[in-house]
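Trainee: give me a 3D structure for the following:
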Amino acid sequence: MSFRIFEYNGSAIVAMVGKNCFAIASDRRLGVQLQTIGTDFQKIFKIHDKLYVGLAGLATDAQTLHQRLVFRHKLYQLREERDMKPETFASLVSAILYEKRFGPYFTQPVIAGLGEDDQPFICTMDSIGAKELAKDFVVAGTASESLYGACESMYKPDMEPEELFETISQALQASVDRDCLSGWGGHVLLVTPTEVRESTLKGRMD
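Mentor: Coordinates of the predicted model:
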């Protein structure tokens, strides 16, 4: 197996839009190439109640970038006395990544949040901050090819929260089974205007 820095730890992250809600899910495996190190590794981070970021790629860079993003968001809250809108946060992440383009963070962020009028916003970007916006779903990580296929076949517009949870869970489970660098269960966050539901999925442990 040839060595690629983005495949060093392995990951699967997907965000999907429903009717005035969104879900973001990740696998739980921390591996060093084909060797599993941990089975409950956090890849989705809360920025505020209606905004989350998933970080795929090199685990150490993901943790460093998360700390920088939390720091910048706290500064924004102090200065503006409000939470950041998802679109503004996406621009911040893009700017931080592009700033480091000559020695980039080896991560692919997936941003999901509820904006004005509780409209869901999702976006992903590459390691130097080139944004990719979508109205249905976005994926990142080593399992992204199989995630695209699963999401394409399962996604429907304007899903209610329960159906959205079921769809994203099935898509994640089906995809990580086809990728040896991610898996070991899943972590799903379902965010509506009134609540956040967090669930852990059990998956194949081999």
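
Trainee: only C-alpha atoms for contact and neighbour calcs from this point on.
Mentor: OK.

Trainee: mind giving me the packing neighbours of the helix ranked longest in the chain?
Mentor: Secondary structure of the chain per DSSP state H: the longest helix is helix 59-80. For helix 59-80, the contact count by 3 or more Cα pairs under 8 Å, 6 or more residues apart in numbering; DSSP states H and E identifies strand 44-48 as packing neighbours.

Trainee: show the subsequent helix or strand relative to the strand it packs on.
Mentor: strand 51-57 (DSSP states H and E).

Trainee: for stretch 197-206, buried residues please.
Mentor: If you call a residue buried by 16 or more other Cα atoms under 10 Å, then stretch 197-206 has these buried ones: 200-201, 203.

Trainee: thinking again about what came up before, can you list contacts of the longest helix of the chain?
Mentor: The contact list for helix 59-80 (Cα atoms under 8 Å, 6 or more residues apart in numbering) reads 9, 30, 45, 47, 55-56, 82-84, 93, 105-107.

Trainee: the bottom helix or strand of the chain by mean pLDDT?
Mentor: Least confident element among the helices and strands of the chain, by mean pLDDT, DSSP states H and E: strand 35-38 (a mean of 82).

Trainee: mind checking how far that strand is from the chain centre?
Mentor: How far strand 35-38 lies from its chain's middle: 20 Å, per Cα atoms, centre = their mean, to the nearest Å.

Trainee: same question, stretch 160-167
Mentor: 17 Å.

Trainee: for stretch 92-105, same thing?
Mentor: The chain centroid and the centroid of stretch 92-105 are separated by 18 Å under Cα atoms, centre = their mean.

Trainee: rewinding a little: could the contacts of helix 59-80 go into JSON lines alongside distance to Val188, neighbour count and pLDDT?
Mentor: Formatted as JSON lines, these follow (distance: Cα to Cα, whole Å; neighbours: other Cα atoms under 10 Å; pLDDT from 0 to 100):
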{"residue": "Asn9", "distance to Val188": "20", "neighbour count": "25", "pLDDT": "86"}
{"residue": "Leu30", "distance to Val188": "17", "neighbour count": "25", "pLDDT": "87"}
{"residue": "Phe45", "distance to Val188": "12", "neighbour count": "16", "pLDDT": "94"}
{"residue": "Ile47", "distance to Val188": "16", "neighbour count": "21", "pLDDT": "92"}
{"residue": "Leu55", "distance to Val188": "14", "neighbour count": "28", "pLDDT": "94"}
{"residue": "Ala56", "distance to Val188": "15", "neighbour count": "28", "pLDDT": "92"}
{"residue": "Arg82", "distance to Val188": "26", "neighbour count": "11", "pLDDT": "90"}
{"residue": "Asp83", "distance to Val188": "23", "neighbour count": "17", "pLDDT": "90"}
{"residue": "Met84", "distance to Val188": "22", "neighbour count": "20", "pLDDT": "91"}
{"residue": "Val93", "distance to Val188": "22", "neighbour count": "24", "pLDDT": "94"}
{"residue": "Tyr105", "distance to Val188": "25", "neighbour count": "21", "pLDDT": "92"}
{"residue": "Phe106", "distance to Val188": "23", "neighbour count": "22", "pLDDT": "92"}
{"residue": "Thr107", "distance to Val188": "20", "neighbour count": "27", "pLDDT": "93"}
